[in-house]
Structures are given as structure tokens and as C-alpha cells.
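Enquirer: I'll drop the sequence and a predicted model, then ask my questions.
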Amino acid sequence: MEKQRSVLQRLVRFGAIGLAALGLMTVMSGAAEAKSTCSSGSKHVICFSITHVSGDQYDVHVGIDITMSQADAQAIIDQPGDPIDAWAMGADPFFDNAEFRIPLSWVNAWEGGLSAEMDIRVPYAALDEDSDGGDELYARVRLFDQRVSTRTFRSSELSSPF
């Protein structure tokens with residue numbers, strides 16, 4: 001009887017370990033459906049992500065933080081028109097193509113500078129920028145400061161499959 005209980009306890013432990021491993025594989029396979037990258041440069045951090053939602057639909061997100069005074073950030077936000085825009089760009093050897101615009105969804109001035117987020121849902125065809133099956137995309141963000149000039153920021157590239 002004691003031997004049977006010991007075997008049963010080991011089977012239960014093994015089953016629990018198996019279920020935990022299965023759960024980890026499920027979480028990891030879900031994470032494989034999202035690609036993201038963050039990079040930084042002189043006084044900015046930019047993040048770009050593409051997440052499979054369902055079927056052929058993908059959410060594309062860009063976030064950026066730009067270091068400046070809160071007063072400068074607010075002046076940029078208060079000027080006419082959108083203070084910032086973003087595009088998904090196809091990275092090609094000779095010429096980078098603008099694939100689609102990513103609309104501004106949120107912008108804020110704070111003590112560290114200006115922060116903004118851009119979001120769009122697109123079909124896979126919008127991400128398919130090369131006919132050879134290898135797609136490389138990056139986000140290009142432009143900050144429009146009518147007092148000075150336009151500043152452009154580029155994220156790192158994300159490669160297919162998305």
C-alpha cells in the first residue's frame with residue numbers, strides 16, 4: 001500500500017511538472033506571435049511592435065519618449081496640426097518604402113519631455129513588403145517643431161514572419 005502511494009505521488013508530481021511545462025510552452029508560443037524592438041539614441045527611446053491578433057490581422061504599435069523641457073514639449077503639442085507622425089517603412093537595399101501611416105493615439109508633455117504612442121490594426125498584406133517572402137520593417141517617427149525644424153527618429157528593424 002505504501003509503495004502504491006509513493007508511485008501515485010510520483011505520478012502526480014510528474015503530471016504537475018508536465019502541466020507546468022505545457023503551460024510554459026503555451027505562454028511561449030503566444031509570445032512568439034508578437035515581435036518588438038526598442039532602441040535609443042541621443043535623447044530618445046523608440047519602441048516598435050507587431051502583434052498577431054487573429055486571422056490575418058496585426059496590431060502595430062510605436063512608442064517614443066523624447067528628452068526636452070516640459071515647456072518645449074507642451075509648445076510642440078500646442079502648435080497647429082499633429083505634433084508627431086509615424087510610418088511603417090519597408091527596409092530595402094536601395095530605397096526604403098513607406099508602407100502605411102500609423103496614426104497618433106496619445107501624446108503627452110511631462111517633466112522628462114514628450115511622449116507619444118501611435119497604433120493601427122492592419123491585414124498581413126500591409127506587412128508583406130517584399131515579394132521574396134523576407135520582410136523587414138521599421139518605424140520612422142517625425143517630430144514637427146515649427147519653431148526650429150523637423151526631427152526624424154528610426155526604430156530598429158523587425159523581420160518576418162510576423
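Expert: Received the coordinates, thanks. Residues are numbered from 1 along each chain as shown.

Enquirer: relative to the helix or strand encompassing Val141, what are the paired strands and their orientations?
Expert: Using DSSP states H and E, the element containing Val141 is strand 136-144. Next to strand 136-144 in the sheet, as set by DSSP bridges, lie strand 84-90 (antiparallel), strand 150-154 (antiparallel), strand 158-159 (antiparallel).

Enquirer: quick one: closest of the ones you listed to Thr67.
Expert: Set against Thr67 and scored by CB to CB, the strands paired with strand 136-144 come closest in strand 150-154, at 11.6 Å. Just so you know, the C-beta spots here come from the backbone N, C-alpha and C atoms, and that holds for glycine as well.

Enquirer: spatially nearest residue to the residue nearest the centre of the chain (excluding sequence neighbours)?
Expert: For the chain, the residue nearest the mean C-alpha position is Ser49 (1.6 Å; CA atoms, centre = their mean). Sequence neighbours aside, Ser36 is the residue nearest to Ser49 in space, at 3.5 Å (criterion: CB to CB, 6 or more residues apart in numbering).

Enquirer: local confidence estimate at that neighbour?
Expert: The model reports Ser36 with a pLDDT of 95.

Enquirer: may I have the residues that are in contact with it?
Expert: 47-51, 158 (CB atoms under 8 Å, 6 or more residues apart in numbering).

Enquirer: likewise Asp92?
Expert: Contacts of Asp92 (CB under 8 Å, 6+ apart): 129-130, 136.

Enquirer: give me the residue ranges of the protein where confidence is low.
Expert: Residues of the chain that meet the criterion pLDDT under 70 lie in 1-32, 133.

Enquirer: now the helices: where do they sit in it?
Expert: Per DSSP state H, the chain carries helices over the ranges 2-31, 70-78, 124-127.
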